[in-house]
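Trainee: compute the structure for the input listed below.
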Amino acid sequence: MLKGLILYAQFFTRISIPVEIQHPEEKFKNNIQYFSLFGIILGLIEAGIFWIWCQIFPIWFAWILFLIGDGIITGGFHLDALADSADGIFSSRTVDKMLTIMKDSRLGTMGTLALLYFYAIMIGLGVCLSNAGFSISKMSLLAAVVVMYAKTGISFNFYKMKYAGKGGGLASIWEGISTWRIVFDQIFAMVVTFLLLGISGLISYVAVFIVAVLYRRYIYGLFSGMTGDTVGCFAEISQVVFLLVYVGINLSNLGGML
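Mentor: Modelled structure (predicted):
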């Protein structure tokens with residue numbers, strides 16, 4: 001487990017851990033059941049930084065700094081996938097051309113818009129909660145869970161995954177992951193979500209699951225499988241969906257009931 005967590009930190013963040021992991025592809029697959037555990041550990045680190053910012057700045061501004069910090073810590077790993085996927089999928093080209101565009105390192109119009117929309121929604125929702133009087137402690141817990149959902153969301157896409165690209169790209173290493181590992185990871189995420197955010201958090205998890213099923217069907221309909229970009233793209237989508245539903249519940253009359 002420990003080597004798996006170290007590998008994930010080396011792969012998904014800019015945190016320097018000078019430990020050589022032998023057989024990384026095997027370790028990646030065989031530790032997916034701890035994927036959300038890695039996510040919540042990273043989330044708690046970022047939530048701690050957010051809490052410190054809250055001692056200096058208003059909560060709404062600390063939330064913006066939290067999102068900026070997340071991009072710095074992760075190196076924008078999933079943000080790049082979001083932008084590439086948007087450029088390819090919304091290019092209105094043939095499937096082969098879409099895949100070629102997604103591999104292009106240059107940022108296009110749709111990718112730029114996707115990033116702008118992502119940050120507009122994530123910042124706006126944080127400001128909404130701040131204006132609604134959410135405490136620093138509740139916002140900190142939410143920040144930790146939101147970070148976790150970048151990994152929880154990706155985990156959905158590992159289920160019986162087929163690689164859509166040619167020549168064995170990065171995503172091909174995620175084929176053949178045992179179903180029980182994914183189920184264990186999702187159960188862990190549900191338990192953590194419920195313990196930290198209650199029923200409204202659990203309902204938000206269900207919303208992410210439903211969108212994951214629809215997203216998977218759409219992507220497989222286009223490409224007959226997943227690419228590294230389409231897998232990573234859902235990390236950001238899952239965060240947006242989770243936060244949208246959670247904030248919607250807590251700012252409506254349902255919030256008091258749940």
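Trainee: going forward, measure contacts between C-alpha atoms and count neighbours the same way
Mentor: OK.
Trainee: in the stretch 101-250 of the chain, where is pLDDT below threshold?
Mentor: Applying pLDDT under 70 to the stretch 101-250 of the chain flags residues 165-172.
Trainee: ranges for the helices of it?
Mentor: 109-131, 136-157, 179-223, 228-251 (DSSP state H, counting those that start in this stretch).
Trainee: switch the ones you listed over to CSV; also include mean neighbour count and distance to residue 92.
Mentor: Shown next, in CSV, are those (neighbours: other CA atoms under 10 Å; distance: least, CA to CA, whole Å):
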stretch, mean neighbour count, distance to residue 92
helix 109-131, 17, 11
helix 136-157, 23, 24
helix 179-223, 18, 12
helix 228-251, 22, 16
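Trainee: want to throw these into a markdown table with distance to residue 9?
Mentor: Output for the helices of the stretch 101-250 of the chain, formatted as a markdown table (distance: least, CA to CA, whole Å):
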| stretch | distance to residue 9 |
| --- | --- |
| helix 109-131 | 23 |
| helix 136-157 | 12 |
| helix 179-223 | 17 |
| helix 228-251 | 15 |
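Trainee: out of the ones you listed, nearest to residue 99?
Mentor: helix 179-223 (8.6 Å; CA to CA).
Trainee: off-centre distance for the closest one?
Mentor: 11 Å (CA atoms, centre = their mean, to the nearest Å).
Trainee: same for that helix, what does it pack against?
Mentor: helix 35-54, helix 136-157, helix 228-251 (3 or more CA pairs under 8 Å, 6 or more residues apart in numbering; DSSP states H and E).
Trainee: I'd like these as CSV, with distance to residue 193 appended.
Mentor: Below are the helices and strands packed on helix 179-223 laid out as CSV (distance: least, CA to CA, whole Å):
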stretch, distance to residue 193
helix 35-54, 10
helix 136-157, 7
helix 228-251, 11
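Trainee: give the burial count for residue 66, as a bare number.
Mentor: 23 (other CA atoms under 10 Å).
Trainee: can you tell me the element it falls in?
Mentor: helix 59-74 (DSSP states H and E).
Trainee: give me the helices and strands touching that helix, please.
Mentor: Short answer (3+ CA pairs under 8 Å, 6+ apart): helix 59-74 packs on helix 35-54, helix 109-131.
Trainee: any chance of those in TSV, plus distance to residue 219?
Mentor: Formatted as TSV, the helices and strands packed on helix 59-74 follow (distance: least, CA to CA, whole Å):
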stretch	distance to residue 219
helix 35-54	22
helix 109-131	17
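Trainee: with respect to residue 212, which of these lies nearest?
Mentor: helix 35-54 (15.8 Å).
Trainee: just the buried positions in that closest one, please.
Mentor: 35-44, 46-51, 53-54 (16 or more other CA atoms under 10 Å).
Trainee: ok, and what's touching the helix or strand that contains residue 5?
Mentor: Element membership for residue 5 (DSSP H and E) is helix 2-12. With contact meaning CA atoms under 8 Å, 6 or more residues apart in numbering, helix 2-12 is reached by 15-17, 19, 21, 24, 27-28, 31, 34-35, 38, 74-75, 77.
Trainee: right, so of the helices and strands packed on helix 179-223, which gets closest to residue 123?
Mentor: helix 228-251 (10.4 Å).
Trainee: ok, which of the helices of the stretch 101-250 of the chain comes nearest residue 70?
Mentor: Comparing the helices of the stretch 101-250 of the chain by CA to CA, helix 136-157 comes nearest, at 8.1 Å.
Trainee: returning to what we had before: how about the helices and strands packed on helix 59-74, which one is nearest residue 103?
Mentor: helix 109-131 (12.6 Å).
Trainee: angle of the closest one against helix 136-157?
Mentor: 150 degrees (axes from the mean of the first three to the mean of the last three CA atoms, to 10 degrees).
Trainee: got the CA positions of helix 109-131 in CSV?
Mentor: As requested, the backbone C-alpha atoms of helix 109-131 are provided in CSV (Å, rounded to 0.1, in the frame of the first residue of the first chain):
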residue,chain,number,x,y,z
THR,A,109,-10.4,27.6,-28.1
MET,A,110,-12.6,24.9,-26.6
GLY,A,111,-9.8,23.8,-24.2
THR,A,112,-9.5,27.4,-23.1
LEU,A,113,-13.2,27.8,-22.6
ALA,A,114,-13.3,24.5,-20.6
LEU,A,115,-10.7,25.7,-18.2
LEU,A,116,-12.4,29.1,-17.8
TYR,A,117,-15.8,27.4,-17.2
PHE,A,118,-14.2,25.0,-14.7
TYR,A,119,-12.7,27.7,-12.6
ALA,A,120,-15.7,30.0,-12.9
ILE,A,121,-17.9,27.2,-11.5
MET,A,122,-15.5,26.1,-8.8
ILE,A,123,-14.8,29.6,-7.6
GLY,A,124,-18.4,30.7,-7.8
LEU,A,125,-19.6,27.8,-5.7
GLY,A,126,-17.0,28.4,-3.1
VAL,A,127,-18.1,32.1,-2.9
CYS,A,128,-21.7,31.0,-2.6
LEU,A,129,-21.0,28.8,0.4
SER,A,130,-18.9,31.6,2.0
ASN,A,131,-21.7,34.1,1.5
